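J.: Would you be able to build a 3D model of this:
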Amino acid sequence: MSRSYKHTPVYKGDKDRFAKKLANRRIRRRTKRNPYDSLAGKSNHYRKENESWDICDYRHWGEPIWREESRLNLRDYPNLWQNIIGENKKMHYVVSDIHNDYQKFCELLKVIKLSKEDKLFILGDLFDRSDYNPNPVDLYFKVMELGDNCSMIRGNHDEWLAAYIFKFYQIPEWKRRKTEPYQYNTFRCLTRRLVPVDVQNLAKKILTWPLQLSVQVNNEKYLLAHAMTSKPECTENKYYYLMGNEMNAEYLHNGIEGYISICGHRNTANHKIWKNEKGNLIMCDCGCGFRNGKLGCLCLETKEEFYI
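T.: I've put the predicted structure just below:
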């Protein structure tokens, strides 16, 4: 039975013609207190907070619906991204800048035959850019399915996506159509297949991804970051790790003394993994996301390179 016969929702307290206005005022105040509140900033959500009847023909925000992915609610996943260093893994692989290319990522997993005893590091830019068959949802769930066998590092595109998601859902729903669209197709792909609460939880997850990791393999010390690395005892601005800085030429030549740095972010020539003359800096963004680009991967134990 529909509730439409009740034209005015029950507002416990005042029952005059201003009840709806007062109820909506409470919702706006909730927005100021907590912008990520599930009721905050949503039109008609005064009903969800104030009505008193038991009949409910609305769906709670974030409740799994017909989309298959919603059964895998992102809030139910543990934090998989911080348990990194000191693990006794059989093989360690590094890949970067996948850029929404789910198909190439799945092919890579088959080629390297990633097992439960192996570890895969993704050096950021999981999202954005790809303009041919982008599939960020399946890519993200595939990464999550790997669990402790995969560790993410935040890239600049991941950071931009998370920032846009937070900004978008802070805007009242009736104003969102006038919001400037995200410059890449990732946000549109996400909202077509995920409920809003899962999109926001994905953004929160992105911000838990570290900017740099250190790992030791066969007595060799590695620093892993998206654009540039720094000595572990030095803490740089986050955009240093996400975008690099003006000392780029010197960094490419000298790297970080005492470590082997592995980064992505910059497309390499001929879509091949690049190393500096000293051998202590490796760049592995091989152009995945572009039609002629490749997805490059490096095994830290054997130094074998893989290309998809």
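J.: ok, what's across the strand from the closest residue to Tyr93 other than its chain neighbours?
T.: Spatial nearest neighbour of Tyr93, excluding adjacent residues (Cβ to Cβ, 6 or more residues apart in numbering): Leu120 at 4.9 Å. (C-beta placed from N, C-alpha, C; glycine too.) Counting by DSSP bridges, Leu120 forms beta bridges with Tyr93, Cys150.
J.: what do you get for Tyr307?
T.: Gly296.
J.: I figured it hits Thr268, correct?
T.: No - if you go by Cβ atoms under 8 Å, Tyr307 and Thr268 don't touch, sitting 11.2 Å apart.
J.: out of those two, which sits in the more crowded spot?
T.: Higher neighbour count among Tyr307 and Thr268: Thr268, with 19 against 15, using other Cβ atoms under 10 Å.
J.: picking that back up, report the contact partners of the residue nearest to Tyr93.
T.: Contact partners of Leu120, counting by Cβ atoms under 8 Å, 6 or more residues apart in numbering, are His92, Tyr93, Val94, Val95, Ile112, Leu114, Leu146, Asn149, Cys150, Ser151.
J.: if I read this right, the first one contacts Val217, doesn't it?
T.: Yes - if you go by Cβ under 8 Å, His92 and Val217 touch, sitting 5.3 Å apart.
J.: The two: which is more packed in?
T.: Counting neighbours by other Cβ under 10 Å for His92 and for Val217 shows that His92 has the greater number, 19 against 15.
J.: In contact with that one, which residues?
T.: Applying Cβ under 8 Å, 6+ apart, the residues near His92 are Asp118, Lys119, Leu120, Phe121, Val215, Val217, Cys299, Leu300, Glu301.
J.: State the number of residues packed around the residue nearest to it when sequence neighbours are not counted.
T.: Of all residues not flanking His92 in the chain, Leu300 sits nearest, at 4.2 Å (Cβ to Cβ, 6+ apart). The tally of other residues near Leu300 (other Cβ under 10 Å) stands at 23.
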